[in-house]
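**Q** Mind looking at a prediction? Sequence and model below.
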Amino acid sequence: MIRINEMKLSLDEEETLLKSKASKILKINEKYIKSYTIFKKSIDARKKDDIHFTYSLDVEILLDEEQIVSKCRSNKVQIVKPYKYELPENKRVSKFRPVVVGFGPAGMFAGLILAMSGLKPVILERGKDVDARTRDVERFWKTRHLNEESNVQFGEGGAGTFSDGKLTTGIKSPYIKKILQELYEAGAPEEILYSSKPHIGTDRLAVVVKNIRKKIERLGGEVRLECKLEKLICANGFIHGVTYSKNGEWFDFETDSVIMAIGHSARDTVEMLYNMGVEIMQKPFSVGARIEHPQSLINKAQYGKFANHPKLGAADYKLACHGLHERGAYTFCMCPGGTVVAAASEKECVIVNGMSSLARDGENANSALLVGIETKDFPSEHPLAGIYYQREIEHKAYEMAGGNYNAPAQLVGDFLKGIESKSLGSVKPTCPTGVTLTNLDECLPQKVAATMKSAIVEMDKKLNGFNLYDAVLTAPETRSSSSVRILRDDLLQCNIRGVYPCGEGAGYAGGIISAAVDGVKCAHAVLDDEH
């Protein structure tokens, strides 16, 4: 197969022209092109007067590939071997079924790979199925009645289900292609296979998650919902089983392999593991707030005169700067045309996140504006001190906003001046439980607030309007990543043999794709364990 990179189409050109453009680059007649597929597609908006699409195209031809590529004499044309995922050899001789704890991206793909290998995994998920879970979340947003086992963090699909469904990642892995293909076959839009910034959207994620669960079940696996891991059954440093609860009853299940894909909010499970002697260390995390602007402002800043072009859709951004703090500040999980999400999973705690639908057609854009917290900033050297610090910030936000799950909020202009906001301006906050206007200096750690202020001024130089006075900050965002790392060795096992810490909750991932990749890696490690 031949890959042609850096092919350009203007906003007014159709993708049907790609074939003829490819034939000209390859210097062959179109009739010799057997087929072509888009490998990568991105928007090039670096020059506001020349915004266009850039493509990498994979082309099959009816001629000698090496001869044609040699004739082209272009570093933009190369022969590539199509990637095909292959299951590793199953070296297990054990009679026991492996257990996966958690059905977020990491647990989902760990379970899928194990099921595809014929191991019939048992997956324990403390929350409800995605439909019942969605009803519980909407009930919380409407009535403020929080179900601590069925919420934005816990349930089928994990925390990523109530997000933008963003599939961008900074890691490189051959498994990403396999993961995207499985998501597409489960109902995600085809664009995720080639978009440089793929996303599924909250509304489509529910369908995708259910279909992957059904595939695991067709392959002989089990997804046991509303089943919470209570403890590990261990002897002589080895795992022998798990104890889980459902509807008030406790059950034991014998196994010699457990993938712990617990997610970044299963704090009680992390405490259980720590009390059992599992080696855990502190890990830096980030704290900040969601910043909301009119989507029209972001579109204009990014696309200029092309802001309303139908092919471009809602614009996004990704910003970072080194401010007053060593790790600086950065935007994270930007949700074009989205909403701020009330994402609590513990009583009397407030946290926010962001989500958007596939269409991304909401009035506001929102993004996390985060500041790194180093372990030296933690209140103690206890391995779980980061968890306790997060909880302290979340509880303080709950109390400051009125003790009713409102989120504390402030206008950006007032935040920069250090004065309490008294009324909203032109930007209407989207947090579904509502907001209480306040002074975020009293809610966020001092170092975080000071760095955010510096960053907003600096980021406005990169994205005009970022420091809009009426833009709204809603706090706190504390769960962008785990504050602990559950240690594992080269076999991906912790100090209890047969237990595989996995994904975001274990401190080895930071997003849907990286978590899913870690799930695949841990499943491979189970298959490679000859016991």
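**A** It's in.
**Q** In the protein, where is pLDDT below threshold?
**A** 164, 323-327 (pLDDT under 70).
**Q** And the helices in it?
**A** 18-26, 65-72, 105-116, 130-143, 175-185, 202-218, 267-275, 295-303, 385-400, 412-417, 446-460, 512-527 (DSSP state H).
**Q** Would you mind pulling up the elements that the last one packs against?
**A** I take that to be helix 512-527. Applying 3 or more C-beta pairs under 8 Å, 6 or more residues apart in numbering; DSSP states H and E, one finds that helix 512-527 contacts helix 105-116, helix 175-185, strand 258-260, strand 499-501. Glycine gets a C-beta too; all of them are placed from N, C-alpha and C.
**Q** right, so of the ones you listed, which gets closest to Asn247?
**A** Closest approach to Asn247 among the helices and strands packed on helix 512-527 (C-beta to C-beta): helix 105-116, 21.2 Å.
**Q** tell me how far that closest one is from the chain's mean position?
**A** Put simply, helix 105-116 sits 17 Å off its chain's centre (C-alpha atoms, centre = their mean, to the nearest Å).
**Q** Next: stretch 460-472.
**A** Taking the mean of its C-alpha atoms, stretch 460-472 sits 25 Å from the chain's own mean (C-alpha atoms, centre = their mean).
**Q** distance between the ends of that stretch?
**A** End-to-end distance for stretch 460-472, by C-alpha to C-alpha, to the nearest Å: 15 Å.
**Q** among the helices of the chain, which is nearest Thr37?
**A** helix 18-26 (10.0 Å).
**Q** what angle sits between the closest one and helix 65-72?
**A** 70 degrees (axes from the mean of the first three to the mean of the last three C-alpha atoms, to 10 degrees).
**Q** on contacts alone, who are the packing partners of helix 18-26?
**A** Other helices and strands packing on helix 18-26, by 3+ C-beta pairs under 8 Å, 6+ apart, are strand 2-10, strand 33-44, strand 52-61, helix 65-72.
**Q** Need the residues that contact that helix.
**A** Residues outside helix 18-26 that contact it (C-beta atoms under 8 Å, 6 or more residues apart in numbering) are 2, 4, 7, 9, 29-30, 32-33, 36, 38, 55, 57, 59, 61, 68, 72, 74, 76-77.
**Q** Show me which of those residues are buried.
**A** With neighbours counted by 16 or more other C-beta atoms under 10 Å, these contain buried members at 2, 4, 7, 9, 33, 36, 38, 55, 57, 59, 61, 68, 72, 77.
**Q** ok, so of the residues you listed, who is nearest Glu254?
**A** When the buried ones among the contacts of helix 18-26 are compared against Glu254 (criterion: C-beta to C-beta), the nearest one is Ile38, at 48.2 Å.
**Q** now stretch 215-231: how far from the chain's centre is it?
**A** 22 Å.
**Q** my bad, stretch 58-74
**A** Between the centre of stretch 58-74 and the centre of its chain there are 38 Å (C-alpha atoms, centre = their mean).
**Q** go on, stretch 489-507?
**A** Centroid displacement of stretch 489-507 relative to its chain, using C-alpha atoms, centre = their mean, is 20 Å.
**Q** pull the CA atoms of it into CSV?
**A** Coordinates of the C-alpha atoms in stretch 489-507 are reproduced here as CSV (Å, rounded to 0.1, in the frame of the first residue of the first chain):
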residue,chain,number,x,y,z
ASP,A,489,6.6,-4.6,37.7
ASP,A,490,7.7,-5.6,34.2
LEU,A,491,5.0,-8.3,34.2
LEU,A,492,2.5,-5.6,35.0
GLN,A,493,1.7,-7.2,38.3
CYS,A,494,1.8,-5.6,41.8
ASN,A,495,3.4,-7.1,44.9
ILE,A,496,0.4,-9.4,45.2
ARG,A,497,1.1,-11.8,42.3
GLY,A,498,-1.7,-12.2,39.8
VAL,A,499,-3.0,-8.7,40.4
TYR,A,500,-2.6,-6.3,37.5
PRO,A,501,-3.1,-2.5,38.3
CYS,A,502,-4.5,-1.0,35.1
GLY,A,503,-5.6,2.3,33.6
GLU,A,504,-6.2,5.7,35.0
GLY,A,505,-7.1,4.6,38.5
ALA,A,506,-3.7,2.8,38.9
GLY,A,507,-1.9,5.9,37.5
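**Q** Now do the contacts for Cys227.
**A** 124-126, 244-246.
**Q** want to throw those residues into a markdown table with distance to Glu15?
**A** Shown next, in a markdown table, are these (distance: C-beta to C-beta, whole Å):
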| residue | distance to Glu15 |
| --- | --- |
| Leu124 | 45 |
| Glu125 | 40 |
| Arg126 | 44 |
| Tyr244 | 50 |
| Ser245 | 53 |
| Lys246 | 50 |
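**Q** Please spell out the ChimeraX selection for the buried subset of these.
**A** Listed next is the ChimeraX selection for buried residues among the contacts of Cys227, using 16+ other C-beta under 10 Å:
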select :124,125,126,244,245
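**Q** Ile176: which of the contacts of Cys227 is nearest?
**A** Nearest to Ile176, judged by C-beta to C-beta, of these is Glu125 at 24.0 Å.
**Q** Let me see the contact set for Glu148.
**A** Contact analysis of Glu148 by C-beta under 8 Å, 6+ apart lists 154, 345-347.
**Q** which of those are buried?
**A** Using 16+ other C-beta under 10 Å as the burial test, these include 154, 345-346 as buried.
**Q** Distance of Asp414 relative to Ala407?
**A** Asp414 sits 16 Å away from Ala407, going by C-beta to C-beta, to the nearest Å.
**Q** neighbour count winner among these two?
**A** More crowded of Asp414 and Ala407, by other C-beta atoms under 10 Å: Ala407, with 31 against 21.
**Q** got the contact list for that one?
**A** Ala407 makes contact with 340, 342, 350, 352, 397, 401, 431, 433-436, 474-475 under the criterion C-beta under 8 Å, 6+ apart.
**Q** Please flag which of those sit within strands.
**A** 340, 342, 352, 435-436, 474-475 (DSSP state E).
**Q** quick revisit: just name the closest of the contacts of Ala407 to Pro105, please.
**A** Comparing those against Pro105 with C-beta to C-beta places Val352 closest, at 20.7 Å.
**Q** The closest one bridge partners, please.
**A** Going by DSSP bridges, Val352 is paired in beta bridges with Ala342.
**Q** I figured it hits Thr339, correct?
**A** No. Contact criterion C-beta atoms under 8 Å: Val352 and Thr339 do not qualify, at 10.2 Å.
**Q** any common contacting residues for those two?
**A** Shared contacts of Val352 and Thr339 (C-beta under 8 Å, 6+ apart): Cys431.
**Q** what about those two, which has more around it?
**A** Neighbours per residue, other C-beta under 10 Å: of Val352 and Thr339, the larger number sits with Val352, 30 against 22.
**Q** now, of the helices of the chain, which is deepest in the fold?
**A** helix 105-116 (a mean of 30; mean count of other C-beta atoms under 10 Å).
**Q** give me every residue that touches Asp256.
**A** Asp256 makes contact with 94, 96, 238-240, 498, 531, according to C-beta under 8 Å, 6+ apart.
**Q** and which of those residues is nearest Ile212?
**A** Taking C-beta to C-beta as the measure, Phe96 is the one of the contacts of Asp256 closest to Ile212, at 23.7 Å.
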